[in-house]
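# What follows is a predicted structure for the sequence shown.
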Amino acid sequence: MSNLNRLKRLFLILILASPFLSFAQENSSNDYLLPSSKPDRIILNLSENPLEGIGINWRTDTSRNFSQLEFAVATAGPEYREAVSLLEAETETLVSQHEGEPVIHANYHQVNLTGLKAGEQYVYRVGTEENWSEWFQFSIPEDDKEVNFLYLGDVQNEVVSMFSRVIREAMINLPKMDFTVYAGDLIDNEHADFEWGGWFEAGDWIHATIPSMMTPGNHEFSKNPATLTPHWNAQFNLPKNGPKGLEETSYEVNYPELKVISLDGEQIDESPTYRKAQIDWLRNILTNNPRKWTVITFHYPVYATHPTRYHDKMIDYIRPILQEFKVDLAIQGHDHAYARGQAFDENGKLNYDKGTVYVVSVAGPKMYDLKPDEWMTRKGYSTQTYQWINVKDDLLTFKTYTTLGKLYDSFEIQKDADGSNSIINKIPNTPERLQSK
């Protein structure tokens, strides 16, 4: 064979092999996201009663079919190791594959810690034998009826690259949070394990030390029919106290003076059966609600900020319930912009000074156009934000910050003796971020 023919043959081999080499190189950069015997994706989730219990979840490879958790009351030194309790986790196996990813076999483990004490600090670690995680520390809130929490809109895209700074800035800039609320669309492709790995990487130790609750968005579902990704129930350990068939997507969390509700917005939009189940359940828990404050989260906003969107199912079925039961605050996502305001329907006419306060926000980098509307007291285009909410006695304080740590919006809800609310705006003297015309 001539040298020329050899070169031609080598060139042909390289051309034919290039897609496979590209695939291998692409995935080798994500090898660190594959499961191993060392626990990863460790997360705390709120329980139904956060002053008495907490949910813990983590992942390993399938080389072991069990995993354990050690925990103790935290001490100022290492002596807590002398009084450790050991629990075996419940384990389930998830096999997944997304386009461009290998087949991934992983074990997900969960433990529900109960009998915890308000105001106490605890430490825990997860694993087996030589493959233990580091020790993490978390706090159970004091039973003083004060709650601080963080609310984040859609994360979805370029999560490690572009969302990480948002949650980290929140941790630096704000007081210690009791929990975090994610308003759906945590990632872009529901079955993409590497995307889920990026979400956990962005939150890292924050997820393992500050409990989260999350409501699903449309990007957590496959379509026709709407089907929740199996990653959701495998990797989260959320309350199962909602309608049957909507475990860990539609549920409630109860603090002494605060009820926080998650609704499965995608199933409200797509499934008449699950829509009715959630409507009936929501009416029931709000009818028998002894708590002073009620906050609700769902993905599709009642009032859209996007110029061409109209969320008819939320307006027709959910808004009347929020109005009837005087829900204080609705925290939402989906429209990738910022807006806050009120709009109470009175026989087809909207009252912009009454009723539930609606907020839409976005924490990730994907932005949509914003159409100013009368209901918006404050609005913002192309602005990644995080929101701090404090509830204490008769006052709910809400503050929105940009990723620069600058206050962008602020208001208070003062609850009067008869249960009615007064809104006190404390908007900073800074211009709104709007599209140039």
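Great, that's in hand. As the structure is a computational prediction, the values presented were derived from the model and not from experiment.
# Asp373 against Pro307, yeah?
No - contact criterion C-beta atoms under 8 Å: Asp373 and Pro307 do not qualify, at 9.8 Å. C-beta here means a position set from N, CA and C on the backbone, and glycine is covered the same way.
# Of these two, give the one with the bigger neighbour count.
Asp373 (16 against 12; other C-beta atoms under 10 Å).
# if I look at the more buried one, how far off is Ser382?
Distance of Asp373 to Ser382, given as C-beta to C-beta, to the nearest Å: 17 Å.
# Repeat that for Pro175.
28 Å.
# Likewise for Ile261?
Distance from Ile261 to Ser382, by C-beta to C-beta: 30 Å.
# Likewise for Gln323?
Taken as C-beta to C-beta, the span from Gln323 to Ser382 is 31 Å.
# repeat for Ile315
Ile315 sits at a distance of 26 Å from Ser382 (criterion: C-beta to C-beta).
# name the element Ile42 belongs to?
Using DSSP states H and E, the element containing Ile42 is strand 40-46.
# who's in contact with that strand?
54-60, 126, 133, 136, 138, 179, 196-197, 200, 203, 207-213, 235-239, 253, 260 (C-beta atoms under 8 Å, 6 or more residues apart in numbering).
# Just read off the phi/psi values of Phe200.
Per-residue torsions, Phe200: phi -70, psi -40 (degrees, to the nearest 10).
# Pretty sure it sits against Ala208.
No - Phe200 lies out of contact with Ala208 (C-beta under 8 Å); the separation is 9.4 Å.
# the more surrounded of the two?
The neighbour count for Phe200 versus Ala208, taken as other C-beta under 10 Å, is higher for Ala208 (25 against 21).
# helix, strand or coil for the more buried one?
helix (DSSP: H, G, I helix; E, B strand; the rest coil).
# just to revisit the earlier point, which of the contacts of strand 40-46 fall within strands?
Judged by DSSP state E, the contacts of strand 40-46 include 54-60, 126, 136, 138, 179, 212-213, 253, 260 as members of strands.
# if we can go back for a sec, now do the buried residues in the strand holding Ile42.
40-46 (16 or more other C-beta atoms under 10 Å).
# For those, could you give me a markdown table that also reports pLDDT?
Putting the buried residues of strand 40-46 into a markdown table (pLDDT from 0 to 100) gives the following:
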| residue | pLDDT |
| --- | --- |
| Asp40 | 98 |
| Arg41 | 98 |
| Ile42 | 98 |
| Ile43 | 98 |
| Leu44 | 98 |
| Asn45 | 98 |
| Leu46 | 98 |
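# mind putting the residues you listed in TSV, distance to Tyr401 included?
Listed next are the buried residues of strand 40-46 as TSV, based on distance: C-beta to C-beta, whole Å:
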residue	distance to Tyr401
Asp40	30
Arg41	27
Ile42	27
Ile43	24
Leu44	23
Asn45	24
Leu46	23
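# Would you map the helices across the chain?
Using DSSP state H, the helices assigned to the chain run over residues 3-28, 164-173, 193-209, 230-235, 265-270, 272-287, 312-313, 319-324.
# Mean neighbour count, these: which tops it?
helix 265-270 (a mean of 23; mean count of other C-beta atoms under 10 Å).
# helices and strands around it, which ones?
Using 3 or more C-beta pairs under 8 Å, 6 or more residues apart in numbering; DSSP states H and E, the elements in contact with helix 265-270 are helix 272-287.
# Low-confidence stretches in the stretch 301-437 of the chain?
For the stretch 301-437 of the chain, applying pLDDT under 70 flags the ranges 437.
# As a check, name the ranges of all strands in it.
Taking DSSP state E, counting those that start in this stretch as the test, the strands found in the stretch 301-437 of the chain are 329-332, 338-342, 344-346, 349-351, 357-360, 376-380, 385-392, 395-402, 407-415, 421-425.
# Most tightly packed of those strands?
Greatest average neighbour count among these goes to strand 329-332 (a mean of 26), per mean count of other C-beta under 10 Å.
# Now do it: which elements does it pack against?
So strand 329-332, by 3+ C-beta pairs under 8 Å, 6+ apart, packs with strand 293-297, strand 357-360.
# what's in contact with the shortest one?
Spelled out, it's strand 357-360. So strand 357-360 is contacted by 151, 153, 301-303, 305, 328-335, 337-343, 375, 387, 398, 400, 411, 413, 423 (C-beta under 8 Å, 6+ apart).
# The same query, at a cut-off of 7 Å, please.
153, 301-303, 305, 328-333, 335, 337-342, 413, 423 (C-beta atoms under 7 Å, 6 or more residues apart in numbering).
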